[in-house]
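Student: Attaching a predicted model along with its sequence, questions to come.
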Amino acid sequence: MHLHLNQPAVISEIVDGEAIVVNLESGAYYSMRASAGVIWAALLHGKDAQAIATLLGEVYAVPVEAVAHEVDIFIEQLLAEQLVVPAANPPEAMPPLSIDLPPDETFTPPLLEKYTDMADLLLLDPIHEVDAETGWPQPAPKRH
């Protein structure tokens with residue numbers, strides 16, 4: 001199964017190997033480091049779970065069988081958080097994926113770190129919800 005970013009609800013950036021992901025509908029933001037960041041980058045490049053397990057095996061010099069189950073569990077978490085959604089079609093051709101890890105990096109199971117401490121701020125919509133009586137910013141209307 002191929003997945004893609006749940007746009008426009010989700011935005012992401014990869015900085016120094018860490019994926020920082022924001023769900024604009026829930027206000028939660030996420031950090032994915034080490035193997036989790038590699039998985040995220042691979043998903044954004046259109047890789048499926050098997051291809052990601054193979055990539056992790058190559059990057060971390062571990063047997064694919066040792067990481068395949070971890071990849072599946074992590075992808076289920078991403079789907080549950082609605083950060084990615086199933087793709088109707090396989091992705092278009094993507095540029096090669098480059099993974100740079102510190103030389104002594106060893107495989108650790110991927111961890112999805114979720115933060116909700118700024119949810120109220122992230123859900124504010126100062127552009128579209130300006131009210132002359134109450135000022136702005138105003139909370140964005142509930143999305144269904």
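Tutor: Nice, thanks for sending it over.
Student: quick one: low-confidence parts of the chain?
Tutor: Counting by pLDDT under 70, the chain shows low-confidence ranges at 93, 102-103, 122-144.
Student: mind redoing it with 50?
Tutor: Applying pLDDT under 50 to the chain picks out residues 126-130, 136-137.
Student: And the helices in it?
Tutor: For the chain, helices defined by DSSP state H occupy the ranges 35-44, 49-60, 64-80, 119-122.
Student: Buried residues in the longest one, which are they?
Tutor: Looking back up the chat, that one is helix 64-80. Buried residues in helix 64-80, counted by 16 or more other Cβ atoms under 10 Å: Val67, Ala68, Glu70, Val71, Phe74, Ile75, Leu78. All C-beta spots, glycine's among them, are computed from the backbone N, C-alpha and C.
Student: Centre of the chain to that helix, how far?
Tutor: 13 Å (Cα atoms, centre = their mean, to the nearest Å).
Student: cool, the shortest one as well?
Tutor: Helix 119-122 has its average C-alpha position 18 Å from the chain's average C-alpha position, going by Cα atoms, centre = their mean.
Student: got it, and the second one?
Tutor: For helix 49-60, the distance from its own C-alpha centre to the chain's C-alpha centre is 17 Å (Cα atoms, centre = their mean).
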